[in-house]
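Participant: Here you go, sequence then predicted model.
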Amino acid sequence: MRVGVLTGGGDCPGLNAVIRAVTKSLINHGQCEVLGIADGFEGLMLDPPGVKPLGWDEVSGILHVGGTILGTSNSANPLRDAATLEHVGRNVRALGLDVVVAIGGDGTMSLAHGLAEQVGLTCVGVPKTIDNDIANCERSFGFDTAVATATEALRRIESTANSHHRVMIVETMGRHAGWLALEAGIAGAADVILLPEIDFDLQAIVDFCRGREQRQRYTIICIGEGAKESGASLTVRERIEQSPDPVRLGGVGHVLRERLQPHLRSEVRTTVLGHVQRGGDPTPFDRVLATQYGHHAAQLVLSGRFGRMVTLQGGEIGSVEISRVANTQRTVPLDHGLLTMARDIGICLGEPCKQDARPAAAGSH
């Protein structure tokens, strides 16, 4: 069997761990030939296609390394026109690929599903996203590392906020799902957490910050890039029209700073974490999870269970049909236990909320 492996979408800690596990499992248990496809689906759009053999030695020593040895792209769209589709189909046939293991997020899974329908591309999917927003999967690799990175940033920023008595806004990634802002905000002791799922009320945040000005004299706000004020629009940084995911968000932290500053005595500053959340070595948790996902993807290939994506549900590794993942996202349910807990311990979620009635001598966080 000849198997292609590609990494699509934004880079993510743990990609190399998946590549390593897929390749070694296929070679060791299936005597398969494995080809690495360069730069996601873009490699199948090239003439000649961008591929390289992946052997045991090529994937050794990469478990802990961030990024992807295959390269990736979040702008390649093989579904954009009939000519491109036909070209991709010819390349797949010329390479003799029996199946492609596509490692990526909801965009990659949507492309894989579309290619399966349009040109008969046989795929097995592996979920990858720091946003943790892939449907029917409770934990994607890369998320734990991103949470750890954002948490450390929040803790470092708190010392500056405390020293200067500032309101410090930290913007995380998370376009439509607030998992990253929520978990990092809780772990990093943020006082306000703003998510894409809950449009925030500006006055509620103003009142909350004013209350802290009388006590701790500083406030930490963690905001996902897809959050927005009630009645407002998403903060769009740019659009890339040829991309299957053309909208790029970013900058809502600066918008919030401009909205808050006139109402507060404290100076308001914003830090946008950006791509630092995607980079660096994966945490031990993500190395193990990515290896499990890669191993299970190889098992799906060897058993001929195509058209499925590896998943984690109820703490168990399994799989679901890629069609159940394509063009959908997993957002934070409004009744999620973490939201209830956050409210109960006094974190403001941007909803109209009661003022914290603790005495002035009470401690922070």
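Facilitator: Here it is on my side, so go on. Bear in mind that the values here come from a model prediction, so they are computed numbers and not experimental data.
Participant: going forward, measure contacts and count neighbours with C-alpha atoms only.
Facilitator: Will do.
Participant: domain assignment for this protein?
Facilitator: Split into domains by the TED database, the chain comes to 2-141+282-324, 146-277.
Participant: just so I know, which of these lies nearest D344?
Facilitator: Nearest to D344, of all the domains of the chain, is domain 146-277, at 12.2 Å by C-alpha to C-alpha.
Participant: Mean pLDDT lowest where, among the domains of the chain?
Facilitator: Lowest mean pLDDT of the domains of the chain: domain 146-277, a mean of 90.
Participant: how much space is there between T311 and R324?
Facilitator: With distances taken as C-alpha to C-alpha, to the nearest Å, T311 is found 12 Å from R324.
Participant: So those two - more neighbours on which side?
Facilitator: T311 (26 against 15; other C-alpha atoms under 10 Å).
Participant: still on that earlier bit, can I get the domains of the chain in TSV including distance to L349?
Facilitator: Shown next, in TSV, are the domains of the chain (distance: least, C-alpha to C-alpha, whole Å):
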stretch	distance to L349
domain 2-141+282-324	19
domain 146-277	5
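Participant: can you tell which of the ones you listed is closest to T340?
Facilitator: Judging the domains of the chain by C-alpha to C-alpha, what sits closest to T340 is domain 146-277, at 11.7 Å.
Participant: chain center to that closest one, what's the gap?
Facilitator: Domain 146-277 sits 17 Å away from the centroid of its parent chain (C-alpha atoms, centre = their mean, to the nearest Å).
Participant: Then stretch 335-346?
Facilitator: 22 Å.
Participant: next one: stretch 329-340
Facilitator: 16 Å.
Participant: could you pull out the strands for the stretch 251-365 of the chain?
Facilitator: 268-272, 308-313, 316-321 (DSSP state E, counting those that start in this stretch).
Participant: Would you mind putting those strands into JSON lines with distance to A187 alongside?
Facilitator: Output for the strands of the stretch 251-365 of the chain, formatted as JSON lines (distance: least, C-alpha to C-alpha, whole Å):
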{"stretch": "strand 268-272", "distance to A187": "18"}
{"stretch": "strand 308-313", "distance to A187": "23"}
{"stretch": "strand 316-321", "distance to A187": "25"}
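Participant: Any idea which of those strands gets closest to E197?
Facilitator: Nearest to E197, of these and by C-alpha to C-alpha, is strand 268-272 at 19.6 Å.
Participant: That closest one pairs with which strands, parallel or anti?
Facilitator: strand 167-172 (parallel) (DSSP bridges).
Participant: and the next element down the chain from the partner strand?
Facilitator: Downstream of strand 167-172, the first helix or strand assigned by DSSP states H and E is helix 179-187.
Participant: buried set for the very next helix or strand once past that next one?
Facilitator: Sequence-wise, the next helix or strand downstream of helix 179-187 (DSSP H and E) is strand 192-194. Going by neighbour count (16 or more other C-alpha atoms under 10 Å), the buried part of strand 192-194 is V192, I193, L194.
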